[in-house]
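S.K.: All I have is the shape, not the residue letters:
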């Protein structure tokens, strides 16, 4: 079946370091959405990418959609404690939204 | 706006009991979804609805039932609860399934334990 693979599963960073999570799809996606889930919370929509090669920024967050529309990335510059949580990608293909398994961002004390 | 409201927030069920998880949205969204999230895992789609009176199975529908009599409400019924149904259940809604724009809006979840 169609899959969206998300890596890494976990990433430990020192506060102030950068963080990146990657999503790769087995099929071409119509669009890709990104969500953040704080510990104990619910997923919250961050952004949607639609166009091939699209890059969008939200303050310290940079989102990219690959040229072939089969991969995407989220990069956070200079992480802060408020960035802690799990980041999910979800790609739309063949009338269904396919979720990645998420990348958990952990800030080292 | 309240967005998506789920009740109850927590519940403990005994094996074999039944319950209904309630979900209501006030955004006039046609599309509504039920997901389950096991500890440390991603989201799995249980059922979804494209409008009042129309529902369809997702990835993991066994052991659950849904109904959609109004645009606002989308309850999830668990019959004969089993320990494997211990999970966090999220209801979500969207303008469309593809939803170019505002994404899916999630409720705060129901944390269910079956003992």
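M.R.: Received, thanks. Keep in mind that this is a model prediction, so the values were computed, not measured.

S.K.: pLDDT score assigned to residue A:58?
M.R.: At residue A:58, the model reports a pLDDT of 97.

S.K.: Also the one 3 residues further on?
M.R.: Here the pLDDT value assigned to residue A:61 is 98.

S.K.: check contacts around the closest residue to it other than its chain neighbours.
M.R.: In space, and not counting its chain neighbours, residue A:61 is closest to residue A:76: 5.5 Å by Cβ to Cβ, 6 or more residues apart in numbering or on different chains. From N, CA and C alone the C-beta is placed, and that goes for glycine too. By Cβ atoms under 8 Å, 6 or more residues apart in numbering or on different chains, residue A:76 lies in contact with A:18-20, A:60-62, A:83, A:105.

S.K.: Just those: which are in strands?
M.R.: Judged by DSSP state E, the subset of these located in strands is A:19-20, A:61-62, A:105.

S.K.: thinking again about what came up before, derive a PyMOL selection command for the buried subset of the contacts of residue A:76.
M.R.: Buried members of these, defined by 16 or more other Cβ atoms under 10 Å in any protein chain shown, are picked up in PyMOL with:
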select buried, chain A and resi 19+20+61+83+105
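
S.K.: Residue numbers of chain A in contact with chain B?
M.R.: Contact residues (Cβ under 8 Å from any Cβ of the partner chain) of chain A with chain B: A:30-31, A:33, A:35, A:41-48, A:50, A:88, A:92, A:95-97, A:99-102, A:104.

S.K.: Contacts only, for the residue of chain B found nearest chain A.
M.R.: Here chain B gets closest to chain A at one residue, residue B:103, 3.0 Å apart by Cβ to the nearest Cβ. Neighbour list for residue B:103: A:33, A:35, A:45-48, B:94 [criterion: Cβ under 8 Å, 6+ apart].

S.K.: So which elements touch the lowest-mean-pLDDT helix or strand in chain A?
M.R.: Ranked by mean pLDDT, DSSP states H and E, the weakest helix or strand in chain A is strand A:96-99, scoring a mean of 90. If you count contacts as 3 or more Cβ pairs under 8 Å, 6 or more residues apart in numbering or on different chains; DSSP states H and E, strand A:96-99 packs onto strand A:85-93.

S.K.: The strand it packs on: partners in the sheet, and parallel or antiparallel?
M.R.: Applying DSSP bridges, strand A:85-93 is found paired with strand A:31-37 (antiparallel), strand A:96-99 (antiparallel), strand A:103-108 (antiparallel).

S.K.: could you list every residue that touches the residue lying closest to residue B:22 once chain neighbours are set aside?
M.R.: Once flanking residues are discounted, residue B:22 sits nearest to residue B:7: 4.7 Å by Cβ to Cβ, 6+ apart. For residue B:7, the contacting residues are B:21-22, B:110, by Cβ under 8 Å, 6+ apart.
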